[in-house]
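Asker: test case, fold it:
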Amino acid sequence: MISPQMNFVLLLIGLTNNVLNLILNCLKLSHQLLVVGCLGVGRCSKPK
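Answerer: Coordinates of the predicted model:
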């Protein structure tokens, strides 16, 4: 039998893990957008 306290701790760890994954995914996405944006701007602003 798992005690209610243990259950709560596991739930908390799971939630924290999900939040951290979400933040990491957001960071990765914004980083990719930033890189793409910089490349796009670099291409457009290059003197011909």
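Asker: packing partners of the helix or strand harbouring residue 35?
Answerer: Using DSSP states H and E, the element containing residue 35 is helix 4-45. With contacts taken as 3 or more C-beta pairs under 8 Å, 6 or more residues apart in numbering; DSSP states H and E, helix 4-45 sits against no other helix or strand. C-beta: built from backbone N, CA, C; applies to glycine.
Asker: okay, residue 28 and residue 34: tell me how far apart.
Answerer: Distance of residue 28 to residue 34, computed by C-beta to C-beta, to the nearest Å: 11 Å.
Asker: and what of residue 3?
Answerer: Going from residue 3 to residue 34 by C-beta to C-beta gives 46 Å.
Asker: repeat for residue 12
Answerer: According to C-beta to C-beta, residue 12 and residue 34 sit 33 Å apart.
Asker: next, count neighbours for residue 38.
Answerer: 10 (other C-beta atoms under 10 Å).
Asker: please apply the same query to residue 36.
Answerer: Neighbour tally, residue 36, other C-beta under 10 Å: 10.
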